[in-house]
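*Asks:* The following block contains a protein sequence and its predicted model.
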Protein chains: 4
Amino acid sequence: MQNILRKAPELEISQWMNTASDITLEGCLGKVVLIEAFQMLCPGCVEHGLPQAQKAYQLFSSDDLVVLGIHTVFEHHAAMGPESLKAFLHEYRITFPVGIDEPSKSGPIPKTMACYQLQGTPSLILIDRQGRLRRQKFGAMSDLQLGAEIMALIQEKPTKTDQRERQSHDHSQRKKLKGSGEQKGTCDETGCPV
Amino acid sequence: MQNILRKAPELEISQWMNTASDITLEGCLGKVVLIEAFQMLCPGCVEHGLPQAQKAYQLFSSDDLVVLGIHTVFEHHAAMGPESLKAFLHEYRITFPVGIDEPSKSGPIPKTMACYQLQGTPSLILIDRQGRLRRQKFGAMSDLQLGAEIMALIQEKPTKTDQRERQSHDHSQRKKLKGSGEQKGTCDETGCPV
Amino acid sequence: MQNILRKAPELEISQWMNTASDITLEGCLGKVVLIEAFQMLCPGCVEHGLPQAQKAYQLFSSDDLVVLGIHTVFEHHAAMGPESLKAFLHEYRITFPVGIDEPSKSGPIPKTMACYQLQGTPSLILIDRQGRLRRQKFGAMSDLQLGAEIMALIQEKPTKTDQRERQSHDHSQRKKLKGSGEQKGTCDETGCPV
Amino acid sequence: MQNILRKAPELEISQWMNTASDITLEGCLGKVVLIEAFQMLCPGCVEHGLPQAQKAYQLFSSDDLVVLGIHTVFEHHAAMGPESLKAFLHEYRITFPVGIDEPSKSGPIPKTMACYQLQGTPSLILIDRQGRLRRQKFGAMSDLQLGAEIMALIQEKPTKTDQRERQSHDHSQRKKLKGSGEQKGTCDETGCPV
């Protein structure tokens, strides 16, 4: 049987922020990708979506998870230009890379948003290590569920190429979560110290 | 190299609530087990630990995750007897099984709590499908991290016995999370419907 | 025209906690009284009502406002006895005086609760400086509204007797709120320092 | 002794939103005025200050309290122009009048902000019925305290002119709080209905 999961369409971005070089999904192959599609003047994005993405960015190892924001402006275009977005990211302490979704010439919906047929903001997209679209959700997802869905994709076998590169890596769960900040009472391969 | 992960010690419970029959870790083999050790008059348990365990109980499939509470009373014993606990579970809508940790004859720390050398309440314990102690944490863990840690254990290969029993099951991520409550925009093996 | 506001019925309390001597409404004449009627196993009381009463206890001057809790147990009586309440007040850091509503011989509703015809817990009662019942509310009231209602009663003219005792007091708003904790940028009678 | 409370300086506003006609403090004489000085890209304003001002706008009667926002932009000027503010007010459901603080020709601090010597955003200003500056606070104030401070000013005697106009009004506390939304169990001049 053939795998018919859809490949995630490439992002169409007019400008990147919070990153030294442009980012493509192609370049993220081998890692899981979490995309937070947002608008800076969308209350649900500011209260829930963006803080959640920032937490994921801090929790998971960058060897396993890439976190990206896409500024998918589909209303109040004049109010949410690049200058405004830059100040917003600074004030709200958003540190993961954010791309501005390429505006469309034919309507208010920008190109990536149209291509993924997003229903609005915030929307959350998960892409697996092989670049396939695995999850697309409009609105809020609980932290518990997002944590589980990300880890499920992280645990999937990487492609053969990735496997070769990663041969020497330790794929234990502990390695995949950075910065949990406590070692006391943490159990590892040798047991549970108290 | 030999696997030296420690087997999780069996629970010592004087009375079970919210379950028709008594529960043992032995009987949970093949599933991941999340144990929330709490006291009903512990503010951190009431505000964070117990609601989090209840959410995990609702989110994950009972085929993969068993959620248990243990009432590990180590102070104010007279204030937190079985009658009080029963009313508490009713009023706070705790629906997963809760066991009363067997009191010790020699001190205030009950038996299971002493055996696991818990530092206090709330404490969270994760046991893998093979019954091994994999995580023990005193205090709050974020929902994002707990979701990831549970899923990492769920994804681990079950024992051969379990594999045989589960042969016909679909182990896709979607099946492991029940009640996410939205199908629109959800991607599955055949793609992403909009 | 005659003032026909109802006098608040005296409390019927079997035991006081968090206070060296018993408290009566009669003894509170001249001050505004906020009563929080609660049950220790009532989630709405634990999450909202009691923290709100504790905040009022900390914010307003004890010269103006008396804050009292009444443990009005009308269900799960065996689970919420004096021993349990004592541990609860300790663990939840409730520091204002709390009285146990005198149980009734003829039914589950205790005496003060029956007398005030409270609809349930949490309930909030406000009594003015003259001992008159001015407000009775079942369920949550916003902090903004409660702050306003308390201050409205504090600002009312005290009785003649009180006036004599208080002659030398400064009744400025600033005096009525203790512990706001910031003097910088605070305006007073002489102006607004920066 | 002479009253030396400082008169609140008049606002310097380049443009008003959410109001049919321009607003002056002079025109607010006789009412208490709450001013929320904010920037649309200030997280503390979005999370705390503006929702609090909106709650006050909904709770108190417009006969007693005027709620105003002032957009005091002192950084990221290009990011927070009138077009952006307009979209922000729409998306965040801010319905009280908001004025744009007149930019200064000599520096980044706008005119009203400079005149009041505000320390930053959010800042909260309270002006009494006689137009005098009574409170100025940088940062968060609790709802309980703000409710109390507003009511303390509302209860102060209006000027003689106002008194004449208001002769026929009922100044009871109940009238000053609109929309509390519950009449059951509410005590008024005639007593406490159950």
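*Replies:* Received the coordinates, thanks.

*Asks:* For the closest residue in space to A:L124 that isn't next to it in sequence, give me phi and psi.
*Replies:* Spatial nearest neighbour of A:L124, excluding adjacent residues (C-beta to C-beta, 6 or more residues apart in numbering or on different chains): A:K137 at 4.9 Å. Every residue, glycine included, has its C-beta placed from N, CA and C. Recorded main-chain torsions at A:K137 are phi -140, psi 130, according to degrees, to the nearest 10.

*Asks:* Please apply the same query to A:Y116.
*Replies:* With angles defined as degrees, to the nearest 10, A:Y116 sits at phi -80, psi 0.

*Asks:* Would you check that it makes contact with A:L11?
*Replies:* No - applying C-beta atoms under 8 Å, one finds A:Y116 not in contact with A:L11, separated by 9.2 Å.

*Asks:* B:L118 versus the residue nearest to A:L124, what's the distance?
*Replies:* When distance is defined by C-beta to C-beta, to the nearest Å, A:K137 is 37 Å away from B:L118.

*Asks:* And A:L124, by the same measure?
*Replies:* On the measure of C-beta to C-beta, A:L124 and B:L118 end up 36 Å apart.

*Asks:* And the strands in chain A, which stretches?
*Replies:* A:13-17, A:32-38, A:65-71, A:98-101, A:123-127, A:133-138 (DSSP state E).

*Asks:* Buried ones in the shortest one, by neighbour count?
*Replies:* Buried residues in strand A:98-101, counted by 16 or more other C-beta atoms under 10 Å in any protein chain shown: A:98-101.

*Asks:* any weak-confidence spans in chain A?
*Replies:* Scanning chain A for pLDDT under 70 picks out A:1-4, A:158-176, A:178-194.

*Asks:* What residues does A:L126 make contact with?
*Replies:* By C-beta atoms under 8 Å, 6 or more residues apart in numbering or on different chains, the contact set of A:L126 is A:32-35, A:133-136, A:149-150, A:153.

*Asks:* Then A:P43?
*Replies:* Contacts of A:P43 (C-beta under 8 Å, 6+ apart): D:91-92.

*Asks:* just the angle between the longest helix along chain A and strand B:65-71, please?
*Replies:* Across chain A, the longest stretch assigned as helix under DSSP state H is helix A:143-155. Here the directions of helix A:143-155 and strand B:65-71 differ by 130 degrees (axes from the mean of the first three to the mean of the last three C-alpha atoms, to 10 degrees).

*Asks:* sorry, back to before: more neighbours: which of A:K137 and B:L118?
*Replies:* Taking neighbours as other C-beta atoms under 10 Å in any protein chain shown, A:K137 and B:L118 compare with B:L118 leading, 26 against 22.

*Asks:* I'd assumed B:I70 was in contact with the more buried one.
*Replies:* No - between B:L118 and B:I70 there is no contact under C-beta under 8 Å: 9.2 Å.

*Asks:* what is in contact with the two at once?
*Replies:* Common neighbours of B:L118 and B:I70 (C-beta under 8 Å, 6+ apart) are B:A37.

*Asks:* interface residues of chain A facing chain D?
*Replies:* Proximity of chain A to chain D is confined to A:41-43, A:46, A:75-76, A:78-80, A:83-88, A:90-92 under the rule C-beta under 8 Å from any C-beta of the partner chain.

*Asks:* For A:R134, see how far away the residue most central in space within chain A is.
*Replies:* Most central in chain A under C-alpha atoms, centre = their mean is A:L34, positioned 2.1 Å from the mean C-alpha point. Going from A:L34 to A:R134 by C-beta to C-beta gives 11 Å.

*Asks:* follow-up on the earlier one: which other helices and strands contact the longest helix of chain A?
*Replies:* Judged by 3 or more C-beta pairs under 8 Å, 6 or more residues apart in numbering or on different chains; DSSP states H and E, helix A:143-155 is in contact with strand A:32-38, helix A:50-59, strand A:123-127, helix A:173-176, helix B:50-59, helix B:143-155, helix B:173-176.

*Asks:* which of the residues in it are buried?
*Replies:* Buried residues in helix A:143-155, counting neighbours by 16+ other C-beta under 10 Å, are found at A:143-155.

*Asks:* Minimum distance to chain B, which residue of chain A gives it?
*Replies:* Scanning chain A for the residue nearest chain B gives A:G147, at 2.7 Å (criterion: C-beta to the nearest C-beta).

*Asks:* excluding its backbone neighbours, what's nearest that residue?
*Replies:* Per C-beta to C-beta, 6+ apart, closest to A:G147 is B:G147, 2.7 Å.

*Asks:* For the one you found, give its distance to D:R6.
*Replies:* Applying C-beta to C-beta, one obtains 55 Å for the distance of B:G147 from D:R6.
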